[in-house]
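A.B. asks: let's see this in three dimensions:
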Amino acid sequence: MTIHFHSLSNGLRVAVEEMPEIRTASIGVWVNVGARYEKREENGIAHFLEHLAFKGTKTRNALEIAEKIEDIGGYINAYTGREVTNYSAKVLSEHVNIGLDVLSDIILNSTFLDTEIEVEREVIIQEIGMYLDTPDDVVFDWLQDVCYPDQPIGRSILGNPENVKRFGQKDFFNFLRKYYAPKEMIVCVAGGVRHLEVFRIIEEKFGFLDAIDTPKPIKAEFGGGEYRKEKDLEQAHFAFALEAPKLTDPKLYDARVFTSILGGGMSSRLFQQLREKRGLCYSIFSFIETLSDTGSIMIYSGTGRDQVGELSNVVAEELKKLASNVMDNEVKRAKAQMKAGMLMALENPFSRCERMARSLTIWGRIIDLEEIIEKIEEVNVQKVKDFGLALLNNKKAGLSLYGPITKAPELSHLLSVLNK
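C.D. replies: Presented below is the predicted three-dimensional model:
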């Protein structure tokens, strides 16, 4: 398996990983724009635009877009993140030209007809409603908001119903022209394809685009804070966050190991202490979210109204303990999990596309797997301890609580436990 890289004269980048042993091709177009690029009055437009891309182009209506892919047994999808929007397809290898044709069509030739906007507007309002009815999702949006107050990066990716009801055709075309520039696009293909053929198709589909500069997002500042909403739910939902390194920070791998030991699996400290020993919850985990200029270590659990106080305190106590008594076997286990997870993901061709796109976005080159493994191996007990102590000394945290939470402690109390 060989990775080939090509850059168009207008700045669009292409990476192809040839996998001759498989008969399918995964295709992804990553556009470096997401919810954090939006102004307050635009919040939700990047996600809305991604939806509308499938609703019709200059040559195809929504049904024809779906049929073109599904007639050849393929799949097409998309997602909007805080920093990127992705459009993807999976097809048989002999149909890679069709996959690239449809993806380029929906990205470059969408018409944003008023009739389609009105239909999709209702779809997205329903999506927001469904999301608001899912407490373990919405509690993270509130957490993001308190961690990054009054900043685009702290707002919901879906936006709010008021904005969604207001967006019109002109808004979508303006946003598209402003941010969908070739130098902000990366096209990745992995599977049973030939790189020269893929390069030729992409030159044909995207080479005519003019190279333009795009605005950069506002720099993120982790602030921290607290949001609580009392509601008669079955569970009290607890979400807690501490500031983590950005994607290019050398301490990122120390942070990932720390987070894995804390709540990354069934052997993690939080799972063992809160679920296995105390029976305080069914679900408990921690993870790290990293972006270009910031990051967050987040902890989530759902528990009963009478248990939320004890659970909150134990989380803070386990965080503090881990920063001082990391054990060698825990570090080894976390590193093994990280390496295995990375290598297992590569069994999925789309994950290979995502890895190439992410690497090009962050580093401007595709990082060799051995280089990543080397960085993981460099993590040791002392580095994890040093990271943990620095994490607690930051004295900034975010707390979000939803449900029957009258017995939950305030953020100031949890910070006092961390900093005793």
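A.B. asks: need the contact list for the most centrally placed residue in the chain.
C.D. replies: Central residue of the chain (Cα atoms, centre = their mean): G81, 5.5 Å from the mean position. Going by Cβ atoms under 8 Å, 6 or more residues apart in numbering, G81 touches G34, A35, I157. Just so you know, the C-beta spots here come from the backbone N, C-alpha and C atoms, and that holds for glycine as well.
A.B. asks: rerun at 7 Å
C.D. replies: G34, I157 (Cβ atoms under 7 Å, 6 or more residues apart in numbering).
A.B. asks: show me where the protein has strands.
C.D. replies: Ranges of strands in the chain, per DSSP state E, are 2-7, 13-18, 24-31, 75-80, 85-92, 185-191, 225-230, 236-243, 281-290, 295-303, 397-403.
A.B. asks: mean neighbour count added to those, as TSV?
C.D. replies: What follows is those, written out as TSV (neighbours: other Cβ atoms under 10 Å):
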stretch	mean neighbour count
strand 2-7	14
strand 13-18	23
strand 24-31	25
strand 75-80	17
strand 85-92	22
strand 185-191	27
strand 225-230	16
strand 236-243	25
strand 281-290	18
strand 295-303	24
strand 397-403	26
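A.B. asks: take those and write them to TSV, including mean pLDDT.
C.D. replies: Listed next are the strands of the chain as TSV, based on pLDDT from 0 to 100:
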stretch	mean pLDDT
strand 2-7	95
strand 13-18	98
strand 24-31	98
strand 75-80	97
strand 85-92	98
strand 185-191	98
strand 225-230	97
strand 236-243	98
strand 281-290	96
strand 295-303	97
strand 397-403	98
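A.B. asks: any chance of CSV for those strands, columns distance to A345?
C.D. replies: Shown next, in CSV, are these (distance: least, Cβ to Cβ, whole Å):
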stretch, distance to A345
strand 2-7, 16
strand 13-18, 13
strand 24-31, 13
strand 75-80, 17
strand 85-92, 15
strand 185-191, 12
strand 225-230, 33
strand 236-243, 25
strand 281-290, 15
strand 295-303, 20
strand 397-403, 28
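A.B. asks: where do the helices sit along the stretch 251-400 of the chain?
C.D. replies: In the stretch 251-400 of the chain, the helices defined using DSSP state H, counting those that start in this stretch lie at 252-263, 269-270, 308-322, 328-345, 349-363, 369-377, 381-393.
A.B. asks: could you dump these into TSV and include distance to I125 and mean neighbour count?
C.D. replies: Below are the helices of the stretch 251-400 of the chain laid out as TSV (distance: least, Cβ to Cβ, whole Å; neighbours: other Cβ atoms under 10 Å):
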stretch	distance to I125	mean neighbour count
helix 252-263	34	25
helix 269-270	36	22
helix 308-322	32	21
helix 328-345	34	15
helix 349-363	29	20
helix 369-377	41	13
helix 381-393	39	18
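A.B. asks: so which of those helices gets nearest N86?
C.D. replies: helix 349-363 (8.0 Å; Cβ to Cβ).
A.B. asks: roughly how far does A78 sit from V139?
C.D. replies: Distance, A78 to V139, using Cβ to Cβ, to the nearest Å: 25 Å.
A.B. asks: I should have written R333 there, sorry.
C.D. replies: Counting by Cβ to Cβ, the gap from R333 to V139 is 29 Å.
A.B. asks: next, the closest residue in space to K385 that isn't next to it in sequence: phi, psi?
C.D. replies: The shortest distance from K385 to any non-neighbouring residue, by Cβ to Cβ, 6 or more residues apart in numbering, is to V326 (5.2 Å). The phi and psi values for V326, taken as degrees, to the nearest 10, are phi -60, psi 140.
A.B. asks: pretty sure V326 sits against D386.
C.D. replies: No - if you go by Cβ atoms under 7 Å, V326 and D386 don't touch, sitting 9.8 Å apart.
A.B. asks: about what we covered before: figure out which of the helices of the stretch 251-400 of the chain is closest to K90.
C.D. replies: helix 349-363 (6.8 Å).
A.B. asks: elements contacting the closest one?
C.D. replies: When contacts are defined as 3 or more Cβ pairs under 7 Å, 6 or more residues apart in numbering; DSSP states H and E, helix 349-363 packs onto strand 13-18, strand 24-31, strand 185-191.
A.B. asks: to P217, which of those lies closest?
C.D. replies: strand 24-31 (13.6 Å).
A.B. asks: wait, what's in contact with G192?
C.D. replies: G192 is in contact with M19, P20, I22, R23, T24, A25, S93, counting by Cβ under 7 Å, 6+ apart.
A.B. asks: domains in the protein, by residue range?
C.D. replies: 2-206, 225-418 (automatic domain parsing).
A.B. asks: right, and these - which one's nearest P217?
C.D. replies: Taking Cβ to Cβ, domain 2-206 is the member of the domains of the chain nearest to P217, at 4.8 Å.
A.B. asks: from L103, how far out is the residue nearest to Y227 when sequence neighbours are not counted?
C.D. replies: The shortest distance from Y227 to any non-neighbouring residue, by Cβ to Cβ, 6+ apart, is to W142 (4.5 Å). Separation of W142 from L103 (Cβ to Cβ): 34 Å.
A.B. asks: before we move on, the earlier item: mind putting the domains of the chain in TSV, distance to K216 included?
C.D. replies: Output for the domains of the chain, formatted as TSV (distance: least, Cβ to Cβ, whole Å):
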stretch	distance to K216
domain 2-206	8
domain 225-418	10
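A.B. asks: nearest to D213, out of the ones you listed?
C.D. replies: That would be domain 2-206 among these, by Cβ to Cβ, at 7.3 Å.
A.B. asks: and the end-to-end length of the closest one?
C.D. replies: End-to-end distance for domain 2-206: 24 Å, by Cα to Cα, to the nearest Å.
A.B. asks: same question, stretch 59-79
C.D. replies: Stretch 59-79: ends 23 Å apart by Cα to Cα.
A.B. asks: residues making contact with it?
C.D. replies: Outside stretch 59-79, the residues that touch it by Cβ under 7 Å, 6+ apart are 50, 53-56, 86-92, 95, 98-99, 102, 105-106, 109.
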